[in-house]
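*Asks:* need coordinates for the following:
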Amino acid sequence: MKQIAKIAISVGVAVLLTTPLMASKKVKWKLAETWPSTLTPLASPPAKVAAMVKQMSGGKFIIKVEGKEKHKAPLGILDMVKGGQYQMGHSGSYYWKGKDINTIWFTTVPFGMTMKEQYAWFYYADENHDGKPDGMEYMKKVYKKFKVLNFPGGNTGVQMGGWFRKQINSLSDLKGLKMRIPGLAGEVMAKLGVNVTNIPAGELYTSLDRGTIDALEWVGPGMDIKMGFHKVAPYYYTGWHEPASEMQFLVNKRAFKKLPKAYKAMLITAMKAASADMYYENFAESVDAWDKMKKEYPNIKVKSFPTPVVKAMKKATNEVMEKYASKNKLFKEIYENQQAYMKKARAWSKMGEYNYIKTCDKVK
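*Replies:* Residues are numbered from 1 along each chain as shown. I've put the predicted structure just below:
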């Protein structure tokens with residue numbers, strides 16, 4: 001997978017630097033996404049991929065993007081791509097944890113890698129040829145049974161820990177708290193006494209406003225401002241549960257094999273470019289959104305969970321991970337592989353950007 005990607009990128013860059021490739025074959029694909037087609041930045045990568053392959057192919061490789069408002073099956077993307085109703089999909093890998101728990105590794109996990117660490121793990125973790133697979137190799141292994149190809153599809157970076165109606169001062173404040181928080185993080189919070197619920201997105205604001213729930217996590221300022229949570233919950237907690245939420249492109253394997261070689265290169269190149277751009281877009285949206293929020297709602301209090309609470313979250317996370325690892329050999333292998341790479345990568349993360357910010361913030 002990795003070698004294919006490198007070759008495709010090289011070919012794709014060459015294509016981008018020349019006039020549009022006027023191949024003879026006309027190809028029309030459809031792509032289904034989990035999100036509404038207007039929900040940027042999550043919906044941005046598919047639209048950008050479609051635009052890039054159209055331009056590079058001289059208008060002969062067309063991808064029609066359909067949001068959930070069209071296909072009405074936001075969590076059916078994997079099955080629709082596998083079955084061939086759509087040649088491509090855009091979603092989040094951890095939505096398929098009920099089909100295979102190992103799909104979570106290609107989105108994010110609590111106390112896991114940052115975005116930069118995760119992308120390095122995806123593409124370059126085996127550069128030393130030490131025999132340890134990288135993320136893309138594991139991704140290929142996990143998705144093989146689904147008969148789809150899987151590619152990184154854009155990252156939100158670290159997500160905020162959520163909006164809370166009351167301040168969390170201790171573990172006792174979590175007992176009985178009603179919170180919308182999905183996935184493994186939901187399992188962790190449940191172990192700490194939280195009543196975890198999964199309310200549809202369209203009902204979240206009303207539920208928080210009316211006190212049906214006490215807290216929820218969404219993404220970060222850029223997307224949260226569109227939901228209006230800052231208007232009804234005064235405490236905004238920093239993250240721990242989704243440090244690098246990666247979206248995914250799913251591609252039907254048979255459809256991909258039928259593509260001309262140049263089209264394959266265009267598609268892989270476009271997916272990688274659009275994935276990187278989603279992080280930039282989300283970062284920029286969050287910069288502007290937080291600037292607006294803090295000016296218009298100065299009473300918002302940005303908090304980090306108290307150290308004893310974070311320690312309890314980490315302990316519960318380890319217990320959840322060990323439970324799955326004891327039952328699933330591949331889960332254990334990927335867990336150990338990712339933990340080892342994260343330990344190595346974190347040394348540079350702290351020494352580089354983290355210490356740069358910390359050092360510069362000390363001076364005016």
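*Asks:* mind listing the helices for the stretch 201-350 of the chain?
*Replies:* Along the stretch 201-350 of the chain, the segments classed as helices by DSSP state H, counting those that start in this stretch run 204-210, 221-227, 253-258, 261-296, 307-327, 329-349.
*Asks:* against which helices or strands is the longest one packed?
*Replies:* Of the remaining helices and strands, those touching helix 261-296 by 3 or more C-beta pairs under 8 Å, 6 or more residues apart in numbering; DSSP states H and E are helix 2-16, helix 44-56, strand 61-66, strand 148-155, helix 221-227, strand 246-252. Using the backbone N, CA and C atoms, a C-beta is placed for each residue, glycine as well.
*Asks:* which other helices and strands does whichever helix or strand comes after the third one contact?
*Replies:* The one in question is strand 61-66. Using DSSP states H and E, the helix or strand that follows strand 61-66 in sequence is helix 68-71. The elements that helix 68-71 packs onto, with contact taken as 3+ C-beta pairs under 8 Å, 6+ apart, are strand 27-33.
*Asks:* which residues touch the spatially most central residue of the chain?
*Replies:* To find the centre residue of the chain, average its C-alpha atoms and take the closest one (C-alpha atoms, centre = their mean): that gives Glu246, at 2.1 Å. Contacts for Glu246 were tallied using C-beta atoms under 8 Å, 6 or more residues apart in numbering; they are Gly92, Ser93, Phe106, Thr107, Thr108, Met115, Gln118, Pro152, Gly153, Gly154, Asn155.
*Asks:* drop anything exposed from those.
*Replies:* For those, a burial check counting by 16 or more other C-beta atoms under 10 Å picks out Gly92, Ser93, Phe106, Thr107, Thr108, Met115, Gln118, Pro152, Gly153, Gly154, Asn155.
*Asks:* out of the residues you listed, which is nearest to Lys362?
*Replies:* Using C-beta to C-beta, Met115 comes nearest to Lys362 of the buried ones among the contacts of Glu246, at 25.3 Å.
*Asks:* tell me the pLDDT of that closest one.
*Replies:* Per-residue confidence at Met115 stands at 97 (pLDDT).
*Asks:* pLDDT weak spots in the stretch 101-250 of the chain?
*Replies:* Within the stretch 101-250 of the chain, the stretches falling below the threshold (pLDDT under 70) are 127-131.
*Asks:* go with 90
*Replies:* Scanning the stretch 101-250 of the chain for pLDDT under 90 picks out the ranges 125-133, 182-183, 198-202.
*Asks:* domain parsing of the chain, as residue ranges.
*Replies:* The chain resolves into domains spanning 2-156+244-283, 159-241+298-326 when parsed by automatic domain parsing.
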